[in-house]
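In: Output the structure for:
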Amino acid sequence: MEAKRLYIPAYVRNYSNGFTEDQNEFDFIITTDKRDSYGTIFTADGWDFTRYNENPVVFYQHRSNDDDPDNLIGITVKGPWRETLSDGTIAHIARVRFETPEVNEKAEKIRKKIIAGTLRMASIGANVQEYRWGDTSKEENGDDIYFTKKELFEWSVVNLGSNPGAMAKRNDEVLTAIRSEKDPEDTSEQPTHEKNGLSLERARLEIYKSKKF
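Out: Here you go, the predicted model:
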């Protein structure tokens, strides 16, 4: 299967007393083990952050390949670390520190928009190497896909949870191709699949809510 990119939505963590005007570091919940409306689950275990931690940059809108250096808006200064949320969800959280206004005016504008509450989303890219189907003997949905081994390679602050349009189309193609591997008449436990080099992220939040397989 040709490698394609999808997006996992991430969200800035709100503080009970709000943000301060001079705050320059923010925590983002970048992954959880919740099932999404695509019927896919990124398990809490099996994450590899080694490569990312060697160069923990944070971009705006996943624009890592253009010639504007100001699309690199900050750096991860803590994490990703694992944490159990109040509802029992297991999450991974990363803390970004924005570049200063003297270095990057775009980063400063994004920082202020986060404080104002008008910009609050991010998304991450993951290279998924192994996945499996749900195990009905464990009361899992047999049609769900569990991504069990994956590597973080970047994350970005974004406007809508991911790049729209073509990227969402690619997401459909990847998941449709994966699902086509399963025989709908076969109710037995499905084996783990290794997909070395398969880049998987997930689509934007709106697609998650509306797409059904």
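In: give me phi/psi at residue 140?
Out: phi -100, psi 150 (degrees, to the nearest 10).
In: residues near it, how many?
Out: By other Cβ atoms under 10 Å, 16 other residues sit near residue 140. C-beta: built from backbone N, CA, C; applies to glycine.
In: Surely it and residue 132 touch.
Out: No - the criterion here is Cβ atoms under 8 Å, and residue 140 misses it with residue 132 at 9.6 Å.
In: And the next helix or strand past the helix or strand containing residue 96?
Out: Using DSSP states H and E, the element containing residue 96 is strand 90-98. Under the assignment DSSP H and E, the closest C-terminal helix or strand after strand 90-98 is helix 105-116.
In: tell me what that following helix is packed against?
Out: In terms of contacts (3 or more Cβ pairs under 8 Å, 6 or more residues apart in numbering; DSSP states H and E), helix 105-116 is packed against strand 57-60, strand 72-84, strand 90-98.
In: joint contacts of residue 140 and residue 132?
Out: Applying Cβ atoms under 8 Å, 6 or more residues apart in numbering, one finds that residue 140 and residue 132 are jointly contacted by residue 146.
In: What ranges in the protein fall below the confidence cut-off?
Out: Where the chain drops to pLDDT under 70, the residues are 1-7, 16-17, 161-174, 183-213.
In: switch the cut-off to 80
Out: Within the chain, the ranges that satisfy pLDDT under 80 run 1-9, 14-17, 36-38, 160-213.
In: For it, which segments count as helices?
Out: Ranges of helices in the chain, per DSSP state H, are 50-54, 105-116, 166-179, 205-210.
In: Show the contacting residues for residue 95.
Out: 25, 26, 27, 28, 76, 77, 78, 79.
In: ranking these by neighbours, who comes first?
Out: Going by other Cβ under 10 Å, residue 28 tops those with 26 neighbours.
In: That one bridge partners, please.
Out: residue 12, residue 94 (DSSP bridges).
In: and if you look at residue 84?
Out: Counting by DSSP bridges, residue 84 is bridged to residue 90.
In: tally of neighbours for it?
Out: 10.
In: Quick check, residue 41 in contact with residue 8.
Out: No - contact criterion Cβ under 8 Å: residue 41 and residue 8 do not qualify, at 11.2 Å.
In: before we move on, the earlier item: now the angle between strand 72-84 and the strand holding residue 96, please.
Out: 150 degrees (axes from the mean of the first three to the mean of the last three Cα atoms, to 10 degrees).
In: Return the distance of strand 90-98 from the chain's centre.
Out: Its chain's C-alpha centre and that of strand 90-98 lie 11 Å apart, by Cα atoms, centre = their mean, to the nearest Å.
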